[in-house]
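>>> Structure for the following, please:
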Amino acid sequence: MLEGHCENHGELQLMRKLLYFGLILLLLGIACVVVAEANLQNVRSVDVGDNKIPGLAWYFACNLTSGNTYWVYIESNAAWGVPFSDGSFNSSQPVSVTITSPGGGVTSLEAFFYGISSSSPEYREGTPPAIVGVTYENVDSSSLSVNMNSATILFSVEKSGTYNVSVLNDGWILNSPPDFFVFYEQVSSNNGTYTLLASAGGGLGIFGGVTVVVSVFRKGGAKHKRTHK
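Purely as a prediction, here's the structure:
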């Protein structure tokens with residue numbers, strides 16, 4: 001009788017250890033998956049072409065690769081900020097922009113720039129107006145796919161080649177070209193390390209979960225046998 005009691009007690013102890021071990025694996029697996037997913041979704045911008053050195057120009061062209069996502073930064077001319085700082089404009093103003101694809105197709109849009117009034121406590125002298133919104137008028141869908149919900153000029157390339165971004169010399173920016181353009185590629189941290197971490201975390205989580213379930217059932221069975229003895 002005593003021998004059976006000791007054996008049952010030993011089994012309970014083993015199941016308890018398995019339960020703790022399973023819980024640790026389960027939590028470790030979940031942590032690995034969370035960390036991996038956070039990094040897989042992380043996106044950074046890489047400068048793939050700019051005309052910062054040449055300076056003032058109404059356009060800039062860059063060779064882009066199919067399947068990649070890019071966004072275009074337009075640094076406004078200091079003169080663009082004057083009507084905002086002196087109070088002439090109190091809302092964002094449109095600037096006409098075109099993107100010419102390798103095949104000659106044209107995507108036209110209005111990029112809305114906004115600057116801060118000199119009377120605002122947030123005003124900093126020399127801070128140029130920036131793009132706060134984009135409205136597309138025509139899209140060359142055979143060459144690129146635009147993100148309508150983005151406040152920047154953001155698009156994915158369907159056809160590799162040279163893309164030319166131009167600012168129209170018209171309206172309130174007449175004879176004041178932008179300072180420079182920058183093409184940025186959106187690069188995901190979706191590399192092998194985080195993919196492997198996600199897979200490993202998923203495996204650990206499943207194994208830990210199974211271990212927890214088995215230990216709970218086995219522990220319940222051991223208690224049942226102990227009660228009947």
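>>> Which of the three states applies to residue 46?
When classified by DSSP: H, G, I helix; E, B strand; the rest coil, residue 46 comes out as strand.
>>> List the residues that contact it.
184-185, 187 (CB atoms under 8 Å, 6 or more residues apart in numbering). Using the backbone N, CA and C atoms, a C-beta is placed for each residue, glycine as well.
>>> now with 6 Å?
Residues in contact with residue 46 (CB atoms under 6 Å, 6 or more residues apart in numbering) are 185, 187.
>>> who's it bridged to?
Using DSSP bridges, the beta-bridge partners of residue 46 come out as residue 185.
>>> Pull up the gap between it and residue 159, please.
Here the criterion is CB to CB, to the nearest Å. By it, residue 46 lies 21 Å from residue 159.
>>> Also residue 206?
Residue 206 sits at a distance of 42 Å from residue 159 (criterion: CB to CB).
>>> Neighbour count: these two, which is higher?
residue 159 (16 against 13; other CB atoms under 10 Å).
>>> tell me the SS of the more buried one?
coil.
>>> could you list every residue that touches it?
Counting by CB under 6 Å, 6+ apart, residue 159 has contacts 66, 102, 143.
>>> Who wins on neighbours among those?
Ranking these using other CB under 10 Å puts residue 143 first, with 24 neighbours.
>>> can I assume that residue is in contact with residue 101?
Yes - look at residue 143 against residue 101 with CB atoms under 6 Å: they come within range, at 3.5 Å.
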